[in-house]
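[1] 3D, please:
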Amino acid sequence: MLNNTVSETVSNSMPNQKIQSVTMQTSKRIISVIGRDFRLNDNPFFEGWKEHEIIPVFILDPFNQEEHGSNLKSLFFEYVLDFKRKLEEKNSHLYIVKLDDFESFLLKSKADAVRYSFDGEPNTLKRGHLIENICKRNFVKFISLWNFLIKPEKGSFRHRFNDFYTRVFKPSMESDRIKTIDPPIFLKTPKIEHQDEPLPSYNKRQNIIKLWFKDEKSVLMSFSDFLKKNLSSYHINRDLPAVDGTSKLSPYLRIGVVSIRQIYKMVKEHPQSEPFLRELAWAEFFRVWLSLHPFVIEREFRKEWIDFPWERNLELFEKWKKGETGFDLVDAGMTQLMQEGWIHNRVRMVVASFLTKNLLLDWRLGERFFYENLVDADLAANVGNWQWIAGCGLDAAPYFRIFNPELQLKKFDPKGNYVSKYVNEKHAKIVELERSRLNFLRIAKEFRERWNLRKK
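    Reported below is the predicted structural model:
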């Protein structure tokens with residue numbers, strides 16, 4: 001199930017399960033379509049750099065221009081430009097091509113093969129199939145990559161996280177199976193007659209770039225420092241939002257500034273690594289899930305929750321978005337999101353539970369708002385976590401589990417250090433906690449009973 005090599009694909013859904021090396025007997029010209037792997041270390045797009053001419057390409061299409069919010073776009077396109085500069089230092093060039101113009105570019109390049117990486121997201125899959133069809137009709141080899149730890153396989157996927165972790169993730173993570181690729185010293189990239197497309201104009205958030213941008217070397221150094229100082233206490237401090245006890249690695253994994261394989265190997269070398277490895281496994285769990293069940297971006301995974309009577313009270317939704325709910329931990333989390341493009345994971349669960357179970361608002365409203373504002377917005381993790389909290393997703397929390405924001409504040413921010421950093425103004429409470437909790441439980445119980453009757 002583990003795959004960090006490349007494979008040919010003839011599938012119309014996911015990359016072919018058969019894995020074979022891209023090694024070629026003679027020198028070839030290869031286009032590498034890079035979508036979220038903006039790094040030099042452990043990058044399969046550069047495999048065979050000594051033997052082959054490699055043409056790095058970044059494709060512009062409506063997905064990466066329109067769907068991502070300003071925070072992710074600000075950081076993402078900053079890394080595209082940085083990667084372009086790094087490739088120039090390697091005697092190479094990152095060609096920026098519109099999706100509509102890719103076939104023309106392919107013909108001009110005279111490439112023998114095209115490498116493309118899938119990530120489980122429906123839009124990436126759609127783009128990949130379009131490129132694959134272009135390759136087929138032009139008799140160019142199409143090579144699919146899966147640059148994560150666990151490759152989707154229907155027959156062996158476990159719908160319970162603990163089963164997935166013990167029966168799939170851990171057995172696949174034997175140290176001798178984790179292979180990484182050395183960075184290229186130089187690249188043989190041919191010059192192609194092409195005018196690079198300008199990167200799209202958008203609301204560039206300079207504060208986000210200043211807060212989050214680090215080059216590849218700095219990210220790895222910061223993570224190494226985290227492992228030495230914080231990994232032993234991670235299982236405790238990861239729940240304390242006022243403590244700098246998490247790695248904050250998620251934006252860099254999302255963009256591909258660092259490799260998940262390299263991170264795994266770094267963590268595995270340390271004692272007390274299990275809690276952190278489980279977090280890596282959760283990300284893989286949701287990615288495989290989305291790959292096999294793409295419909296979950298629009299509807300609930302668990303059938304008994306389809307057509308649940310979520311409300312769409314936009315006035316309450318606006319209060320939640322602005323951090324004006326009157327509940328300090330919720331308001332602090334939403335303020336942190338708007339200021340930094342990121343929220344502590346414990347607080348993410350609290351604000352999501354509050355939206356869905358105290359305000360009874362549709363989880364899709366929260367999921368989209370997070371995706372539009374998080375600097376680490378990852379579709380699989382975002383949808384997976386929102387459905388998990390709402391009780392309608394994969395291995396979801398029981399529907400009757402509701403995070404009380406006042407109790408969570410007392411337990412995880414008892415001195416109020418986190419709240420005082422982000423909450424400068426008190427607001428009237430927009431809902432009564434116990435009444436709203438009981439109301440959700442009543443509606444959920446009645447809905448599930450009706451569903452059980454229909455099923456009979």
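
[2] just the buried residues of the strand or helix carrying residue 78, please?
    Using DSSP states H and E, residue 78 maps to helix 70-89. Neighbour counts over helix 70-89 (16 or more other CB atoms under 10 Å) mark 70-80, 83-84, 86-87 as buried. Just so you know, the C-beta spots here come from the backbone N, C-alpha and C atoms, and that holds for glycine as well.

[3] contacts for it?
    With CB atoms under 8 Å, 6 or more residues apart in numbering as the test, helix 70-89 has contacts from 34, 38-40, 56, 58, 64, 68, 93-94, 96, 187, 189, 199-200, 202-206, 208-209, 212-213, 215, 251, 254-255, 257, 341, 373-377.

[4] what about 6 Å?
    By CB atoms under 6 Å, 6 or more residues apart in numbering, the residues outside helix 70-89 that reach it are 38, 56, 58, 94, 199, 202-205, 208-209, 212-213, 255, 341, 373, 375, 377.

[5] alpha carbons only: can I get it in CSV?
    C-alpha atoms of helix 70-89 as CSV (Å, rounded to 0.1, in the frame of the first residue of the first chain):
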residue,chain,number,x,y,z
SER,A,70,-6.6,34.7,0.0
ASN,A,71,-4.6,33.3,2.9
LEU,A,72,-3.6,30.1,1.2
LYS,A,73,-3.2,31.8,-2.2
SER,A,74,-0.9,34.4,-0.6
LEU,A,75,1.4,31.7,0.8
PHE,A,76,1.0,29.3,-2.1
PHE,A,77,1.9,31.6,-4.9
GLU,A,78,4.8,33.0,-2.8
TYR,A,79,6.2,29.5,-2.8
VAL,A,80,5.6,29.1,-6.5
LEU,A,81,7.8,32.2,-7.1
ASP,A,82,10.4,31.0,-4.6
PHE,A,83,10.5,27.6,-6.3
LYS,A,84,10.9,29.3,-9.6
ARG,A,85,14.0,31.1,-8.3
LYS,A,86,15.4,27.9,-6.8
LEU,A,87,15.1,26.1,-10.1
GLU,A,88,16.9,28.9,-11.9
GLU,A,89,19.8,28.3,-9.5
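
[6] contacts for the longest helix seen in the chain next, please.
    Taking DSSP state H as the criterion, the chain has its longest helix at helix 433-455. If you take CB under 6 Å, 6+ apart as the criterion, helix 433-455 is touched by 304, 308, 357-358, 360, 399-400, 402.

[7] and the buried ones among these, selectable in PyMOL?
    In PyMOL, a selection of the buried entries from the contacts of helix 433-455 looks like this (16+ other CB under 10 Å):
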select buried, resi 304+308+357+358+360+399+402
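
[8] tell me where the stretch 51-200 of the chain has strands.
    53-60, 95-98, 113-118, 141-146 (DSSP state E, counting those that start in this stretch).

[9] in a markdown table, list those along with mean neighbour count and distance to residue 231.
    Below are these laid out as a markdown table (neighbours: other CB atoms under 10 Å; distance: least, CB to CB, whole Å):
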| stretch | mean neighbour count | distance to residue 231 |
| --- | --- | --- |
| strand 53-60 | 23 | 34 |
| strand 95-98 | 19 | 39 |
| strand 113-118 | 24 | 29 |
| strand 141-146 | 22 | 27 |
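
[10] for those strands, which one sits closest to residue 169?
    Nearest to residue 169 among the strands of the stretch 51-200 of the chain is strand 141-146 (15.0 Å), distances taken as CB to CB.
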